[in-house]
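Undergrad: Please find the sequence and the predicted model below.
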Amino acid sequence: MSEAEKLGTPERKIRDIMSAPVVSATAAETIAVAAGRMREAKVGAVVVVDGDGRATGILTERDMLRFAAAGSDASTAKVSEWMTAEPDTVDPDATARDAFARLSEHGYRHIPVVEGGRLVGIVSMRDLMRIAMIQPVEALAHETPRGLEGVVVAETGIGDVRGLEGFYHYRQYSAVDLAKARPIEDIWRLLFDGALPATTAERDGFHAENRPLRALPDSVARVLPEIAAAGDTFIPLDALRTAVSLLGAASGFRPSLDVDHAELRANAMLTCAAIPTLITALYRLRQGLEPVAPDPALGYAANYLYMMQGKVPSDEHAAAVEKYLISTIDHGFNASTFTARVITSTGADLGAAVVGAIGALSGPLHGGAPSRALDMLDQIGTADRAEPWLRAAVERGDRLMGFGHRVYKTDDPRSLMLREVAESLGGEKMELARHIEATAIDVLAELKPGRKLYTNVEFYAGIVMDSCGVPRELFTPTFASSRAIGWCAHILEQAADNRLIRPSAHYRGEAPPQPVPAIIG
Ligand SMILES: CC(C)(COP(=O)(O)OP(=O)(O)OC[C@H]1O[C@@H](n2cnc3c(N)ncnc32)[C@H](O)[C@@H]1OP(=O)(O)O)[C@@H](O)C(=O)NCCC(=O)NCCS
């Protein structure tokens with residue numbers, strides 16, 4: 001009896017999760033035709049069938065890569081030459097667990113489902129990973145899922161995300177509870193030192209330590225006008241990445257392997273305190289304005305808005321932006337956090353790890369979405385246009401910015417909190433946003449059934465920041481400023497118990513060693 005049966009949970013059958021009908025090809029068709037069909041149906045494999053509907057082969061993305069590397073002509077090469085013949089198949093009544101074992105054992109990503117000799121469906125590693133009961137513990141040595149989805153790569157005491165519950169936490173506290181109860185500097189202390197300040201004296205002590213570090217060293221401040229002026233287009237996150245690199249070098253950051261915890265923590269404090277100053281100074285310089293010096297009397301978010309806008313913000317705006325900042329400090333092993341830990345695992349200095357993390361965050365699939373979500377609202381313009389616009393976008397294969405998440409398959413708790421904040425701030429965009437959100441969820445449920453796509457943090461983040469006067473181009477840098485606290489907490493943790501992170505890959509190219517060809521002509 002399997003574990004699931006012992007627990008009384010029925011095992012999922014392949015029949016329940018397979019995709020059908022299957023996108024197929026014949027052995028005599030050309031690679032160009034098969035590739036076109038894969039592209040059109042957005043699938044990673046076609047099953048090759050004969051005249052009796054029997055699966056005689058499978059042609060996958062990997063075969064396409066081999067084909068591309070060989071430089072053959074797609075309009076003449078035949079499917080039969082590149083497919084894997086007589087593929088392993090699975091019965092529709094097999095359990096998901098069996099199929100998972102089969103896929104991982106052989107390193108396949110897709111397996112045709114065959115009943116009574118006839119092809120009835122196809123099941124992919126992705127389908128299997130989506131059903132939470134599969135725990136790929138033993139299979140990892142053979143093959144990890146693409147994008148490392150569901151793979152545990154470290155132990156951490158900093159926080160975690162429970163995607164199915166829509167819950168995340170910083171150390172032992174719910175992140176949303178913290179955002180409602182404490183200022184960001186308290187949480188910064190919690191992540192760096194393991195505890196919230198218990199008394200106002202402890203809080204003041206932390207302020208006295210971090211706030212003076214907001215002022216930039218002269219050697220960095222002097223170079224900022226050059227960084228801000230570089231390039232025809234100003235990309236604030238790129239400018240920040242450059243400035244953080246400079247800050248680390250100018251401040252004498254040493255390899256994490258060579259320094260003790262106190263020195264690495266001091267580097268982390270300096271970096272997190274200076275990043276808001278760097279962002280706002282670079283932005284203002286590019287606008288032809290003088291940077292505004294930080295005010296140590298102001299809280300983190302109020303000071304950030306003050307340095308950006310040149311005037312002390314209302315308490316309401318400072319509190320709204322502070323909630324956003326707190327909500328984004330940390331979020332499990334996201335791509336930028338993982339990057340920071342990988343770099344730290346090599347023993348590199350903290351500046352290198354933060355610069356790498358900013359690079360990872362700059363991609364639209366990670367940190368670059370909030371302004372795009374707001375752009376989408378602008379493009380839609382009015383409530384009556386929402387349904388046709390969203391439907392056309394998803395049908396075209398576009399991603400709706402601000403929706404979907406690798407981990408949350410229910411409401412993102414950050415988006416729920418930020419929706420409340422956005423509602424309390426009011427404003428004309430809010431009504432349109434509510435309508436677009438509801439419509440997008442319906443459209444996604446209809447056109448992407450079973451994918452569980454809901455609003456993510458970025459959707460309402462854009463609205464909150466827009467209402468508080470944060471320009472769109474500073475949305476992602478603002479995210480970076482708070483996430484830097486999370487990165488640095490992870491850097492400290494990685495350095496404290498380090499092992500070089502160095503995974504492996506399956507080589508899938510042409511079989512080596514081939515003779516090295518002589519140059520012709
Ligand atoms: C966040 C994100 C990258 C997570 O991606 P992921 O876990 O790798 O999800 P996948 O790419 O495996 O997508 C699963 C399916 O849902 C679809 N999907 C995911 N997000 C979607 C979105 N925002 N709009 C439309 N379809 C979406 C994919 O097209 C895919 O469909 P398929 O099975 O037909 O191929 C993805 O949801 C996305 O691109 N969202 C938009 C960008 C965004 O808001 N980023 C900020 C994240 S906080």
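TA: Right, received. Where do you want to start?
Undergrad: Just the closest residue of this structure to the ligand, please.
TA: G404 (2.4 Å; CB to the nearest ligand atom). (C-beta placed from N, C-alpha, C; glycine too.)
Undergrad: what's the neighbour count on that residue?
TA: 20 (other CB atoms under 10 Å).
Undergrad: And it, how far from P145?
TA: Distance of G404 to P145, given as CB to CB, to the nearest Å: 17 Å.
Undergrad: hmm, back to that, ok, and the closest non-adjacent residue to the residue of the chain closest to the ligand?
TA: L453 (4.5 Å; CB to CB, 6 or more residues apart in numbering).
Undergrad: still on that earlier bit, so the residue of the chain closest to the ligand is in contact with E458, correct?
TA: No: if you go by CB atoms under 8 Å, G404 and E458 don't touch, sitting 10.1 Å apart.
Undergrad: Just the local confidence number for T95, please.
TA: In this model, T95 is scored at 83, pLDDT.
Undergrad: what's across from it in the sheet?
TA: K13 (DSSP bridges).
Undergrad: Which element, helix or strand, includes A266?
TA: helix 261-286 (DSSP states H and E).
Undergrad: May I have the next helix or strand after that helix as CSV, with CA atoms only?
TA: Toward the C-terminus, helix 261-286 is succeeded by helix 300-309 as the next helix or strand (DSSP H and E). Extracted C-alpha coordinates of helix 300-309, given in CSV (Å, rounded to 0.1, in the frame of the first residue of the first chain):
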residue,chain,number,x,y,z
TYR,A,300,12.8,54.5,6.3
ALA,A,301,9.9,55.1,3.8
ALA,A,302,9.3,58.7,4.7
ASN,A,303,13.0,59.4,4.2
TYR,A,304,13.0,57.6,0.9
LEU,A,305,10.0,59.6,-0.4
TYR,A,306,11.6,62.8,0.9
MET,A,307,14.9,62.1,-0.9
MET,A,308,12.9,61.3,-4.1
GLN,A,309,10.4,64.1,-4.1
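Undergrad: sorry, back to before: show the contacting residues for the residue of the chain closest to the ligand.
TA: Counting by CB atoms under 8 Å, 6 or more residues apart in numbering, G404 makes contact with 444, 451, 453-454, 456.
Undergrad: Quick check: it vs K452, distance?
TA: For G404, the distance to K452 - CB to CB - is 9 Å.
Undergrad: go on, A266?
TA: 43 Å.
Undergrad: Kindly report the same for A489.
TA: 30 Å.
Undergrad: More neighbours: which of the two?
TA: More crowded of A489 and K452, by other CB under 10 Å: A489, with 29 against 16.
Undergrad: Nearest residue to the more buried one in space, please, no chain neighbours.
TA: Nearest one to A489, counting by CB to CB, 6+ apart, is L191 at 3.9 Å.
Undergrad: Of the contacts of G404, which are in range of the ligand?
TA: By CB under 6 Å from any ligand atom, the members of the contacts of G404 lying near the ligand are 444, 451, 453, 456.
Undergrad: list the contacts for the residue sitting nearest the centre point of the chain?
TA: Among the residues of the chain, the one closest to the centroid is H366, at 3.8 Å (CA atoms, centre = their mean). Counting by CB under 8 Å, 6+ apart, H366 touches 334-336, 360.
Undergrad: Could you rerun that using 10 Å?
TA: Contacts for H366 (CB atoms under 10 Å, 6 or more residues apart in numbering) come out as 334-336, 339, 360, 406, 458, 476, 479, 483.
Undergrad: now do the same end-to-end measure for stretch 448-465.
TA: Taking CA to CA, to the nearest Å, the first and last residues of stretch 448-465 lie 30 Å apart.
Undergrad: just how off-centre is that stretch within its chain?
TA: The chain centroid and the centroid of stretch 448-465 are separated by 13 Å under CA atoms, centre = their mean, to the nearest Å.
Undergrad: repeat for stretch 35-52
TA: Centroid separation for stretch 35-52 versus its chain: 30 Å, with CA atoms, centre = their mean.
Undergrad: where does I111 land in three-state SS?
TA: Of the three states, I111 takes strand according to DSSP: H, G, I helix; E, B strand; the rest coil.
Undergrad: Give the full set of residues in contact with it.
TA: 14, 18, 45, 47, 55, 58, 87-90, 94, 99-100, 102-103, 121-125, 128.
Undergrad: For it, give me the pLDDT.
TA: Looking at I111, the pLDDT reads 88.
Undergrad: V90 versus that one, what's the distance?
TA: For I111, the distance to V90 - CB to CB - is 5 Å.
Undergrad: got a list of what D295 touches?
TA: Residues near D295 by CB under 10 Å, 6+ apart: 211, 214, 302-303, 306-307, 312.
Undergrad: Then V354?
TA: Contacts of V354 by CB under 10 Å, 6+ apart are 240-241, 244-245, 247-248, 253, 267-268, 271-272, 275, 336, 339-340, 343-344, 480, 483-484, 487-488, 491.
Undergrad: For it, identify the helix or strand it belongs to.
TA: Here V354 is assigned to helix 350-361, by DSSP H and E.
Undergrad: and that helix, anywhere near the ligand?
TA: No: Helix 350-361 is not in contact with the ligand by CB under 6 Å from any ligand atom; minimum separation 10.6 Å.
Undergrad: Output that helix as CSV, restricted to C-alpha atoms.
TA: C-alpha atoms of helix 350-361 as CSV (Å, rounded to 0.1, in the frame of the first residue of the first chain):
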residue,chain,number,x,y,z
LEU,A,350,28.8,41.2,-0.2
GLY,A,351,28.8,43.9,-2.9
ALA,A,352,29.2,41.2,-5.6
ALA,A,353,26.3,39.2,-4.3
VAL,A,354,24.0,42.2,-4.1
VAL,A,355,25.0,43.4,-7.6
GLY,A,356,24.2,39.9,-8.9
ALA,A,357,20.9,39.8,-7.1
ILE,A,358,19.9,43.2,-8.7
GLY,A,359,20.7,41.7,-12.1
ALA,A,360,18.4,38.8,-11.4
LEU,A,361,15.7,41.1,-10.2
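Undergrad: Okay, strands next: where are they in the chain?
TA: Ranges of strands within the chain are 24-25, 45-49, 55-60, 84-85, 110-115, 118-124, 159-162, 167-170, 173-174, based on DSSP state E.
Undergrad: shared neighbours, G404 and K452?
TA: L444.
Undergrad: and the nearest residue to G205 once chain neighbours are set aside, what pLDDT?
TA: Distance criterion CB to CB, 6+ apart; nearest residue to G205, sequence neighbours excluded, is P197 at 7.6 Å. Predicted confidence (pLDDT) for P197: 98.
Undergrad: just V457 next, same as before
TA: For V457, pLDDT reads 87.
Undergrad: In contact with it, which residues?
TA: Contacts of V457 by CB under 10 Å, 6+ apart are 324, 327-328, 331, 369-370, 373, 402, 405, 408, 412-418, 479.
Undergrad: please redo it, this time with the cut-off set to 6 Å
TA: 412, 414-415 (CB atoms under 6 Å, 6 or more residues apart in numbering).
Undergrad: Among those residues, name the ones in helices.
TA: Members of those lying in helices (criterion: DSSP state H): 414-415.
Undergrad: Tell me where the stretch 301-450 of the chain has helices.
TA: Secondary structure of the stretch 301-450 of the chain (DSSP state H, counting those that start in this stretch): helices located at 315-327, 335-345, 350-361, 370-380, 383-396, 413-425, 428-447.
Undergrad: for these, which one ends up most surrounded?
TA: helix 350-361 (a mean of 25; mean count of other CB atoms under 10 Å).
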